[in-house]
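Participant: no sequence for this one, just the structure:
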């Protein structure tokens, strides 16, 4: 056993997770690498070559790092559990007229659980990932905070990870910039990692065509929902859409309709198969309701309205908001100023400074 203990590192084959493993190895941990195969893109019938964390090239890249440093590497096939949970969720959310965030769900319910289960079997005290985030223990709570590199910060995607899981987690990259990671890879001779392109798409939709994915996944869906009405906020019919699951709140491009002024999707009416269009002003909301909460820093805020910076999507800078916990699993969020394109199904994450207070799933929006 090493002086720091044994750690199971999730290695996707990319530069971030690879350098996380390298750093822990150099710090004296006994490292075991593990690459999770979550999805076989060929089975989805997409048009783009398989890339990213599930490709054979990525698996081989991760194994190559492990071999070069002399630590074990395993491949973990979780396609069945990933597909049953994440893919079904992704598909069903669009059918319900919401905009899903599968990466957050995967972190919360699949990757951490899968890693910890295997960590126990391999006698690993810790697991580690290449996320750009920080983690500390304070007052008996494990608190995620933003990574030093604001352009790479991934704290938003980690709000749902449980306290038990965080208690065994290490984020080696949290206090580093991406440029430093590239320099470290170059210095250690891992040039191929520096030049490797990064993927920003959902892992099971590398061609970024979620409409095509839904049609292949649910071929009967298109005939069921095609031909509904585009309507304005007052109910005026202005055209026909291709099916409400193929649109998201805030969408402007790809509507196939011209009204002489810019319009956005402001609401999706599943019951009547209608997509509501409006101006940017009509897209603005100053409140929302959030459920399925995971409150990390302050586990109970009932009766304690709290000022936060709240993010409503991954690349959102965040907006000042008062959060009011009305029930154990209901948070009302009141923004100081209106925000645009609040999409039910996305995650809302509450920050106090750099700390993630907690988060939940957006259920609805409103104007107070």
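Facilitator: Looks like it arrived, so ask away. Please read all numbers here as calculations on a predicted model, not as lab measurements.

Participant: now do the strands in the stretch 151-300 of the chain.
Facilitator: Along the stretch 151-300 of the chain, counting by DSSP state E, counting those that start in this stretch, strands occupy 169-170, 229-232, 237-240, 264-269, 274-278, 284-295.

Participant: now do the stretch 1-150 of the chain
Facilitator: Counting by DSSP E, counting those that start in this stretch, the strands of the stretch 1-150 of the chain are 6-10, 30-37, 73-77, 126-128, 133-138, 141-146.

Participant: do a quick rundown of the helices in the stretch 1-150 of the chain.
Facilitator: With helices called from DSSP state H, counting those that start in this stretch, the stretch 1-150 of the chain shows them at 15-26, 56-69, 79-82, 88-95, 102-106, 112-121.

Participant: for the first one, packing partners?
Facilitator: If you count contacts as 3 or more Cβ pairs under 8 Å, 6 or more residues apart in numbering; DSSP states H and E, helix 15-26 packs onto strand 6-10, strand 30-37, helix 56-69, strand 126-128, helix 178-187, helix 191-195. Using the backbone N, CA and C atoms, a C-beta is placed for each residue, glycine as well.

Participant: wait, isn't residue 152 in contact with residue 178?
Facilitator: Yes - counting by Cβ atoms under 8 Å, residue 152 touches residue 178, with 5.1 Å between them.

Participant: highest mean neighbour count out of the helices and strands packed on helix 15-26?
Facilitator: Comparing these by mean neighbour count (mean count of other Cβ atoms under 10 Å), strand 6-10 ranks first with a mean of 25.

Participant: who does that one pair up with?
Facilitator: strand 30-37 (parallel), strand 126-128 (parallel) (DSSP bridges).

Participant: other residues contacting it?
Facilitator: Here strand 6-10 makes contact (Cβ atoms under 8 Å, 6 or more residues apart in numbering) with 17, 20-21, 24, 29-36, 111, 115, 118-119, 122-130, 170.

Participant: equivalent analysis for stretch 261-269, please.
Facilitator: 97-98, 233, 244, 247-252, 255, 257, 274-280, 282-283, 341.

Participant: of the residues you listed, keep whichever come out buried.
Facilitator: 97-98, 244, 247-251, 255, 274-278, 283, 341 (16 or more other Cβ atoms under 10 Å).

Participant: tell me the one of those nearest residue 322?
Facilitator: residue 341 (20.3 Å; Cβ to Cβ).

Participant: do you know how far that closest one is from residue 313?
Facilitator: From residue 341 over to residue 313 the distance is 8 Å, taken as Cβ to Cβ, to the nearest Å.
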